[in-house]
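Undergrad: 3D, please:
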Amino acid sequence: MALHHLSLSLQFARDAEATAHRPLLARHQVTRWIRHALAVDAEITVRIVGEAEGRRLNHEFRRKDYATNVLTFDYQQEPIAVADLVLCAPVVEREAREQGKTLAEHYAHLLVHGTLHAQGWDHETSEQDAQEMEDYESAILRGLGFADPYAAG
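TA: A predicted model of the protein is given here:
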């Protein structure tokens, strides 16, 4: 697998919820996870936020009044992908616990998921698109040494 160039900015909001996850998200690890999902070179900013910022952004940009696990803001897909991925630390932590996954495993999945969105993948337009995206995410994560995130637990 040819790995594409990635220019990564990794940011943590200045609140306890976000900064608590900093040790789990070493720059080299985040870079590895994202690069495995890239089909083109990319400039990606990853921002880890707390519940309040996650909720505000989801409300402002999607009109949904709750914090979600990952938001992808894709600005350009070709010739390089340019995007911001915003992950809400308390939501990611809660989901990992509910799904019986490690926090690192869930972050890897959500970063792969968001990176695919940044390249135009979509799971909301059709069942077929959703299945193709899930299958591709599963293959990428297996390649990274993680279990299939969609396998029945």
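Undergrad: give the contact list for Gln76.
TA: 82-83 (CB atoms under 8 Å, 6 or more residues apart in numbering). Quick note: C-beta positions are derived from backbone N, CA and C, even for glycine.
Undergrad: how close does it sit to Ala83?
TA: Distance from Gln76 to Ala83, counting by CB to CB, to the nearest Å: 8 Å.
Undergrad: please apply the same query to Leu38.
TA: 11 Å.
Undergrad: pretty sure Ile34 sits against Ala42.
TA: Yes - at 7.5 Å, Ile34 and Ala42 qualify as touching, with contact defined as CB atoms under 8 Å.
Undergrad: could you tell me which residues touch both of these two?
TA: 6, 115.
Undergrad: which stretches of the chain have low pLDDT?
TA: Segments of the chain classed as low confidence (criterion: pLDDT under 70) are 1-2, 152-153.
Undergrad: please enumerate the strands of it.
TA: Counting by DSSP state E, the chain has strands at residues 6-12, 42-49, 70-76, 81-88.
Undergrad: quick one: list the elements packing against the first one.
TA: Translated: strand 6-12. When contacts are defined as 3 or more CB pairs under 8 Å, 6 or more residues apart in numbering; DSSP states H and E, strand 6-12 packs onto helix 27-35, strand 42-49.
Undergrad: so which of the strands of the chain comes closest to Arg56?
TA: Closest of the strands of the chain to Arg56 is strand 42-49, at 9.0 Å (criterion: CB to CB).
Undergrad: tell me the strands beside that closest one, with direction?
TA: Using DSSP bridges, strand 42-49 pairs in its sheet with strand 6-12 (parallel), strand 81-88 (parallel).
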